[in-house]
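Undergrad: Turn this into a structure:
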Amino acid sequence: MDISRREFVRMGSLAPLMYAFPFKRLLAGEKETVQATALYSIFQNPPNAARPFVRWWWNGLRVEQAELLRELDMLKEKGISGVEINPIAFPEGNDAMGYKPVDWLSDEWLRLLKTTVEGARERGITCDIIVGSGWPFGGEFLQKDEQIQLLALGTKELAGGQQHQFKRSELLADMEALRTYKSGSIALFGLRLVPDHLDTFQPGIDLNDKINDETITIDVPQGKHVLHYLVKLTGYTAVTHGAPGAAGPVLNHYNKAAVQKYLNRMSDAITAKVGRMGDYFRSVFVDSLELRGSNWCNDIQQQFKQRRGYALEPYLPFVLFKLNKKSTYNGGQLLGENSISLSPAVQDEIERVRYDFEITRLELFHERFLQTFVDWCRKNGVKSRVQAYGREYYPLESAMVLDIPECETWLRPDVGTDFEERTFKTGRAYRPVNKFVSSAARLTGKKIISCEEITNTSMVFNATLERIKITGDQSNLSGVTHSILHGFNYSPKDVPFPGWVRYGTLFNERNTWWPYLRTWIDYKARLSAVFQAAELQANVAVLFPMADMWSKVGLQYQQYPQIVYPEYANNIWEAVHQNGGGCDYINEYILKQSKFSGGKLQYGSRGYQVLMMPEVESIAPDTVNALRQFAAAGGKLLFIGKAPVKSPGMLDHKAKDNQVRSAIDALRKAYPNNVILCPEPQGNMIDWYAGLQSRLKLPSFVTFDKPVTHVNQVHYKTPQADVFFISNYHLEKSHQFTATFNIHNRTAWLWNPETGKRYRYPTAGAKNKLVISLDPAESVLIVFAEDVKGELYPVKKAANPSPQAIAGPWQVTLEKVYEKPRKIEMDQLVDFKDDKELRSFGGVAYYEKRFNAADPANYHYLDLGKVGGISEVMLNGRSLGFKWYGKHLYDLAGALKSGENVLKIKVTTVLGNYAKSLKDNRVAQQWTKKQPLYSAGLIGPVKVV
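TA: Numbers count the residues shown, from 1 in each chain. Below you'll find the model as predicted:
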């Protein structure tokens with residue numbers, strides 16, 4: 001069998017689209033809404049602002065001019081319209097091949113940067129650039145007082161009525177695991193001896209006069225006591241994957257002068273050698289900081305007293321948690337391990353001070369780092385783009401001050417499987433922070449919600465376009481409107497397989513599915529074009545118990561929180577959307593700045609008929625006044641599980657607590673039909689919210705007769721169109737349901753993001769009632785518009801209930817990467833991972849079969865069954881197209897004939913199994929050694945139906 005590749009239609013290499021529509025206003029994040037007359041044109045030909053960008057890792061800064069320009073050409077060909085220039089350390093275990101590094105901000109680096117940005121401009125490619133290198137940024141050039149600081153807590157239980165001695169070095173040694181950058185300093189900061197039980201608060205015995213003693217001697221009073229010792233670490237952690245010239249200790253982001261100096265060092269160098277930053281870059285980017293527990297700066301105690309009205313010192317050991325020394329990356333806390341027992345009154349007092357401490361940290365970080373960065377961006381004519389989450393950022397306010405707020409969405413093996421209840425993990429690609437970032441953007445009228453997308457560390461070489469699609473679709477459901485793909489590795493052509501790999505999904509010419517990538521890129525671009533041009537709808541606002549959580553467990557790493565409170569918090573928005581509504585997150589500040597009328601809470605362009613407050617106990621007294629106004633205006637206020645009973649913070653808390661309790665009691669009595677205490681969720685979240693929706697007549701944009709956890713929706717709107725994106729993000733399950741839309745006097749259209757075509761959608765009686773059938777990994781974009789004329793979406797023909805199987809033997813040509821093709825015969829189809837001769841395969845497999853069809857008119861489809869990869873089909877010399885996700889079901893379209901038929905099937909697999917087989921390839925083994933083998937090839941059964 002001699003099958004030429006040229007026989008197959010390569011729909012993945014479509015010609016570049018023309019960007020005919022100016023999109024500068026949307027790129028700027030302004031509030032203009034594109035009219036319906038232009039919306040479809042933008043959908044057909046997405047502008048650059050809507051097309052995906054890539055994170056472009058300049059690996060080890062071993063970069064050369066010719067290769068940089070070649071890679072820009074590669075990206076342009078695939079429809080990528082922007083790059084985030086990201087200097088980063090050279091990947092461990094990779095072969096540098098003699099390429100020499102250049103230092104960040106050196107003259108040579110700046111020359112290469114200038115060549116790149118000028119080359120990008122010539123190609124119509126937008127450039128962003130990261131601050132520094134890696135994360136969090138820093139460098140060996142930082143002075144000691146400019147370096148990151150941490151105040152860490154240690155404890156020792158001491159028997160009473162005895163004298164105890166120990167070396168100061170012993171206490172410091174106990175904290176050495178936190179000092180991962182060994183050039184950093186470590187010093188004893190404080191000593192406090194406290195009884196092991198407190199009925200009333202007492203600070204304990206101050207032993208700070210002993211902190212410089214080599215041998216520390218303590219006479220312990222009668223009874224068990226606990227020694228609290230505080231250790232201050234400076235420059236204790238280094239930039240993760242810092243590139244040459246930008247590696248070393250992390251910057252102290254609580255030090256405004258140090259932040260300003262660092263930023264100016266970068267902008268001064270670029271301005272001098274490249275030009276004004278705003279002339280070459282769209283934005284400057286700050287990655288998620290992950291500050292490894294940093295909680296300190298030199299004047300934090302003074303700032304605390306100034307802002308909170310009392311001294312921090314007596315409470316200092318108690319408000320801290322011991323840190324997990326085995327996992328210092330995100331400052332993981334060992335909750336409940338502070339060795340003393342506290343009465344409820346003392347516990348409450350400490351939690352109030354902890355809240356004040358955390359609020360002080362948030363304020364300082366916001367003022368000294370984030371606002372300094374935003375001002376610096378404006379001064380240099382670039383937009384601020386930041387992943388504004390971590391233990392240091394406000395969940396909402398931080399993202400609200402940015403030009404381009406960003407979140408992240410991960411590709412993992414469990415994405416595409418069933419969702420678990422009461423978790424943000426299993427099945428979900430989007431992170432908890434996505435909804436905060438999306439809400440912050442919408443509350444401030446921004447249309448570009450950026451996302452580090454398809455982040456992948458667990459399926460490198462095994463990411464299929466199908467899994468990529470599911471991950472990206474989930475991202476859009478969480479409110480994202482623009483993708484920054486993670487990522488594109490700078491890697492010269494002469495580097496052996498797999499090239500230089502820092503991280504990622506291998507968006508790279510070496511990937512087998514590279515020829516098909518343009519199809520998904522265009523799909524994403526069309527969705528983003530519509531979402532950026534319309535207004536995301538929401539009718540429910542959720543206000544979380546942040547003050548309660550911060551009081552009890554401190555600030556959390558929002559991207560992947562250690563503690564979620566309440567545990568179902570991240571599932572509320574999912575249930576609202578799965579039941580046809582829309583949801584934003586707000587906070588007390590937003591609530592108090594809102595207006596109330598006509599049954600709505602109105603903040604800017606955002607209006608909500610329902611406010612949900614899940615298990616909120618602590619709110620400021622003046623927040624209750626805003627709640628009263630909302631209820632008086634006719635809004636629905638739902639306290640979930642419990643109603644507020646107190647205020648957060650320490651100062652004057654008794655009086656404030658009484659104000660909150662009495663005001664909430666009065667509110668509930670005054671508006672019993674609008675202020676409702678609802679039970680916390682039990683069991684299925686969809687059913688819980690559906691029950692509330694039915695009982696309390698909560699609003700929806702669409703009603704699904706059979707809501708399920710693996711299908712969700714978002715609703716966008718322009719003055720002339722209502723847009724619904726409905727996605728099935730399960731790898732295996734289909735779902736058919738009837739959707740009744742709260743839309744009248746408009747015609748339903750199906751817009752196909754893969755092709756740019758549109759069709760009138762067949763209705764089920766009423767114009768707003770549609771039957772929707774979604775195969776695995778399938779999504780639909782349904783647009784209600786005033787247009788009434790157009791091609792009707794073709795009714796799907798019914799499959800023959802008596803299919804004809806197409807059995808072996810099959811003639812197969814195997815084109816394994818980096819090997820000569822070989823031919824085999826298969827008596828029956830097999831999953832390559834289950835065959836010892838084929839399990840190392842990665843590449844393209846061509847299957848050919850001749851078969852007879854007795855009555856071809858009775859069959860409408862070719863069903864390939866299970867396929868491990870992308871399939872393309874030719875039947876009797878006619879291309880039936882290709883399938884890259886969902887069911888591999890092909891419309892025969894009259895290609896089947898009586899008598900003998902020649903069927904040719906091309907299957908393109910991923911490279912994971914092949915990479916795993918390369919035992920001597922360090923890079924391949926680094927990423928695949930712990931991965932399982934994945935299904936590959938045509939598995940079947942194949943039949944005509």
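Undergrad: C-alpha from now on. contacts and neighbour counts both.
TA: OK.
Undergrad: so who does Phe166 touch?
TA: Neighbouring residues of Phe166 by CA atoms under 8 Å, 6 or more residues apart in numbering: Thr215, Ile216, Thr217.
Undergrad: Neighbours of the first one, how many?
TA: It refers to Thr215. In terms of burial, Thr215 registers 14 neighbours under the definition other CA atoms under 10 Å.
Undergrad: any idea how far the nearest residue to it once chain neighbours are set aside is from Gly427?
TA: Distance criterion CA to CA, 6 or more residues apart in numbering; nearest residue to Thr215, sequence neighbours excluded, is Lys167 at 4.5 Å. Using CA to CA, to the nearest Å, Lys167 is found at 50 Å from Gly427.
Undergrad: same check, this time on Asp652
TA: Per CA to CA, Asp652 is found 45 Å from Gly427.
Undergrad: Neighbour count for the two, which is higher?
TA: Neighbour totals were compared for Asp652 and Gly427, and Gly427 leads with 22 against 9 (other CA under 10 Å).
Undergrad: Please give me every residue in contact with the closest residue to Leu838 other than its chain neighbours.
TA: Distances taken as CA to CA, 6+ apart place Phe832 nearest to Leu838, at 5.0 Å, with adjacent residues excluded. Applying CA under 8 Å, 6+ apart, we find Phe832 in contact with Leu838, Arg839, Ser840, Phe841, Ser935, Ala936, Gly937.
Undergrad: now those in CSV, with distance to Glu408 and pLDDT?
TA: As requested, the contacts of Phe832 are exported to CSV (distance: CA to CA, whole Å; pLDDT from 0 to 100):
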residue, distance to Glu408, pLDDT
Leu838, 36, 98
Arg839, 33, 98
Ser840, 32, 98
Phe841, 32, 98
Ser935, 28, 98
Ala936, 29, 98
Gly937, 32, 98
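Undergrad: Look at the residue located most distally from the centre of the chain and report its pLDDT.
TA: No residue in the chain sits farther from the centre than Gly161, which is 54.8 Å out by CA atoms, centre = their mean. Note for Gly161: predicted pLDDT of 97.
Undergrad: now do Asn324
TA: With respect to pLDDT, Asn324 has a value of 79.
Undergrad: what about stretch 814-827, start to end distance?
TA: Start and end residues of stretch 814-827 are separated by 15 Å (CA to CA).
Undergrad: Give me the buried positions along it.
TA: Within stretch 814-827, the residues that count as buried by 16 or more other CA atoms under 10 Å are Leu814, Glu815, Lys816, Val817.
Undergrad: So what's the gap between it and the chain middle?
TA: In terms of CA atoms, centre = their mean, to the nearest Å, the centre of stretch 814-827 is set 39 Å apart from its chain centre.
Undergrad: Give the rounded mean pLDDT of that stretch.
TA: When pLDDT is averaged along stretch 814-827, the result is 98.
Undergrad: separation between the residue nearest to Phe424 when sequence neighbours are not counted and Thr409?
TA: Excluding its sequence neighbours, the residue lying closest to Phe424 (CA to CA, 6+ apart) is Asn570, at 6.0 Å. In this view, Asn570 and Thr409 are 15 Å apart by CA to CA.
Undergrad: Tell me which of those two has more neighbours.
TA: Neighbour count, other CA under 10 Å: between Asn570 and Thr409, Thr409 has more, with 29 against 19.
Undergrad: Perfect, I'm done here.
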